[in-house]
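K.L.:
Quick one, what's the 3D model for this:
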Amino acid sequence: MRRFASLVLGLLLPLLLVAPARAAQANGSPFADWAAVVVAGDWRAHSGGPTEAFDNARRDVSLTLAGLGFSPDAIRQYSVRPKRYMAVKPRKTDLRAIHADLSALAATHPAGCLVYLTSHGAPEGALLDEDLLPPTLLAAVVDDACPARPSIVVVSACFSGVFVKPLQRDDRMILTAARSDRTSFGCSEDDKYPYFDDCFLSSAPAVHDFAALGRAVQACVARREHDTGAEPASEPQLWIGAGLRPLLPLYAFPPRDPAKPTASLRRR
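P.N.:
A predicted model of the protein is given here:
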């Protein structure tokens, strides 16, 4: 029986591997038929004063995803203070709205899902406006809205490693800004972006796919924390399910012009 299962897997795997390539040929990008939500979960610095760091990241991560081949029509942005950003018109950060929008987007863009949340965090979860979003609830939202398809979940927050285990699925990648017992850095009143988000933005143009981006972000954050003396190290976490691992290299990012500045550099 075990030999038969191995034979079946050997026959099916090549068919699975060509799916992203066919999507790229048909739509111009393997992400053209993916749904994405990008959420700023707070507007306050660690001091309690106002900061633009989370909304800057929300805006520029969305731009970067569009540059990576996601359809702009399939990217939804959310802010705690949406009326402050009328040019972009993000929606109000609210879990029910995010769930409903992701479900609707996934119904019309069924190839995959990406969720990006940038906010403050605690050992129990991440801040979503005035509420704390526990890892099990985020997992339930993604499971319900995006069943039986590849998904990528990025959580940029202190202690965000607590999201890794509840979110784990065979067809999922999870990238977090910190270990479950560590803080992350860069959310003061003067920061342009949190360190992790800045590294995500600056690393994306130089890598081939999301797996490589996750590793590049880890290295970038480590360098940034060393250079600024931020400690203890946050140690961003990267987890990729066994079913998605061989497929991610085929979800290749489009070639980027190295002379063109990234979102993080454009707005400094």
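
K.L.:
Next one: Thr262, what pLDDT does it get?
P.N.:
With respect to pLDDT, Thr262 has a value of 47.

K.L.:
actually Gln25, sorry about that
P.N.:
So, for Gln25, pLDDT stands at 40.

K.L.:
How about Gln168?
P.N.:
For Gln168, the predicted pLDDT is 98.

K.L.:
what does Arg172 give?
P.N.:
98.

K.L.:
likewise Pro150?
P.N.:
pLDDT, Pro150: 98.

K.L.:
what's the answer for the one 4 residues further on, then?
P.N.:
According to the predicted model, the pLDDT of Val154 comes to 98.

K.L.:
all helices of the stretch 151-268 of the chain, in order?
P.N.:
According to DSSP state H, counting those that start in this stretch, the stretch 151-268 of the chain carries its helices in the segments 164-167, 195-203, 210-228, 263-266.

K.L.:
Also the stretch 1-150 of the chain?
P.N.:
2-27, 53-67, 95-108, 135-145.

K.L.:
quick one, what contacts Leu50?
P.N.:
Rather than Leu, residue 50 is Pro. Residues near Pro50 by Cβ atoms under 8 Å, 6 or more residues apart in numbering: 43-44, 189. All C-beta spots, glycine's among them, are computed from the backbone N, C-alpha and C.

K.L.:
Next: Ala139.
P.N.:
Contacts of Ala139 (Cβ under 8 Å, 6+ apart): 163, 166-167.

K.L.:
Dump those residues to CSV, plus neighbour count and distance to Tyr85.
P.N.:
As requested, the contacts of Ala139 are arranged in CSV below (neighbours: other Cβ atoms under 10 Å; distance: Cβ to Cβ, whole Å):
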residue, neighbour count, distance to Tyr85
Phe163, 29, 26
Pro166, 15, 31
Leu167, 23, 28
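
K.L.:
Take those residues and write them to a markdown table, including distance to Gly48.
P.N.:
Output for the contacts of Ala139, formatted as a markdown table (distance: Cβ to Cβ, whole Å):
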| residue | distance to Gly48 |
| --- | --- |
| Phe163 | 25 |
| Pro166 | 29 |
| Leu167 | 30 |
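
K.L.:
got the buried residues for stretch 201-214?
P.N.:
201-205, 207, 209-214 (16 or more other Cβ atoms under 10 Å).

K.L.:
my bad, stretch 85-103
P.N.:
For stretch 85-103, by 16+ other Cβ under 10 Å, it's 85, 90, 93-95, 98-99, 101-102.

K.L.:
repeat for stretch 43-61
P.N.:
43-45, 51-61.

K.L.:
from the residues you listed, which single one is nearest Asp227?
P.N.:
Closest to Asp227 out of the buried residues of stretch 43-61 is Ala53 (18.3 Å), distances taken as Cβ to Cβ.

K.L.:
Now do the same contact list for the nearest residue to that closest one once chain neighbours are set aside.
P.N.:
Residue nearest to Ala53 in three dimensions, not counting chain neighbours: Asp191, with 4.7 Å by Cβ to Cβ, 6 or more residues apart in numbering. Neighbour list for Asp191: 45, 51, 53 [criterion: Cβ under 8 Å, 6+ apart].

K.L.:
Report the contact partners of the last one.
P.N.:
Put plainly, it is Ala53. Contacts of Ala53 by Cβ under 8 Å, 6+ apart are 45, 186-188, 191-194, 197.

K.L.:
Relative to Val155, which of the helices of the stretch 151-268 of the chain is closest?
P.N.:
Here helix 164-167 is closest among the helices of the stretch 151-268 of the chain (Cβ to Cβ), at 8.5 Å.

K.L.:
I'd guessed Trp34 sits against Ala74; true?
P.N.:
Yes - using Cβ atoms under 8 Å, Trp34 is in contact with Ala74, at 6.5 Å.

K.L.:
who touches both of those two?
P.N.:
Residues touching both Trp34 and Ala74 (Cβ under 8 Å, 6+ apart) are His109.
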